[in-house]
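Chemist: structural data only, the sequence is not supplied:
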């Protein structure tokens with residue numbers, strides 16, 4: 001079943017770490033069946049606290065989403081995201 005990984009960036013705390021994350025995150029997707037549905041486009045907050053940015057990625061299955069998220073390449077990139085920002089990340093299966 002199609003699974004979506006949704007990132008919401010609440011706040012950037014270290015732009016330099018985020019630049020390293022951006023460098024490492026893109027190639028970490030190589031070999032994984034990722035479709036970008038939204039990538040830091042224009043955001044209009046309709047309810048709740050405003051966020052800085054959001055990304056929605058689509059995968060053919062939960063297993064493939066987790067294979068990417070837990071891959072050594074993305075794990076290395078993620079360390080920089082965690083040092084440079086406050087995010088909320090969740091995975092949800094489609095209908």
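Modeler: Looks like it came in fine. Just so it is clear, the structure is predicted and the values come from calculations on it, not from any experiment. Residues are numbered from 1 along each chain as shown.
Chemist: list of residues touching the longest helix along the chain?
Modeler: In the chain, with assignment by DSSP state H, the single longest helix is helix 72-84. Helix 72-84 is contacted from outside by 12-18, 20-21, 24-25, 27-30, 68, 87, using Cβ atoms under 8 Å, 6 or more residues apart in numbering. (Glycine included, C-beta is placed from N, CA and C.)
Chemist: now go through the residues you listed and say which are in helices.
Modeler: Judged by DSSP H, the contacts of helix 72-84 include 15-18, 20-21, 24-25, 68 as members of helices.
Chemist: export those to JSON lines and append columns for neighbour count.
Modeler: Listed next are the ones in helices among the contacts of helix 72-84 as JSON lines, based on neighbours: other Cβ atoms under 10 Å:
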{"residue": "15", "neighbour count": "9"}
{"residue": "16", "neighbour count": "10"}
{"residue": "17", "neighbour count": "17"}
{"residue": "18", "neighbour count": "18"}
{"residue": "20", "neighbour count": "17"}
{"residue": "21", "neighbour count": "22"}
{"residue": "24", "neighbour count": "17"}
{"residue": "25", "neighbour count": "18"}
{"residue": "68", "neighbour count": "19"}
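Chemist: returning to that earlier point: so which bits of the longest helix of the chain are buried?
Modeler: Across helix 72-84, burial judged by 16 or more other Cβ atoms under 10 Å covers 73-74, 77-78, 80-81, 84.
Chemist: same question, stretch 29-40
Modeler: 29, 32, 34.
Chemist: and the nearest residue to the first one once chain neighbours are set aside, how far from residue 45?
Modeler: Right, residue 29. Distances taken as Cβ to Cβ, 6 or more residues apart in numbering put residue 68 closest to residue 29, at 6.7 Å, once the chain neighbours are dropped. Distance, residue 68 to residue 45, by Cβ to Cβ, to the nearest Å: 28 Å.
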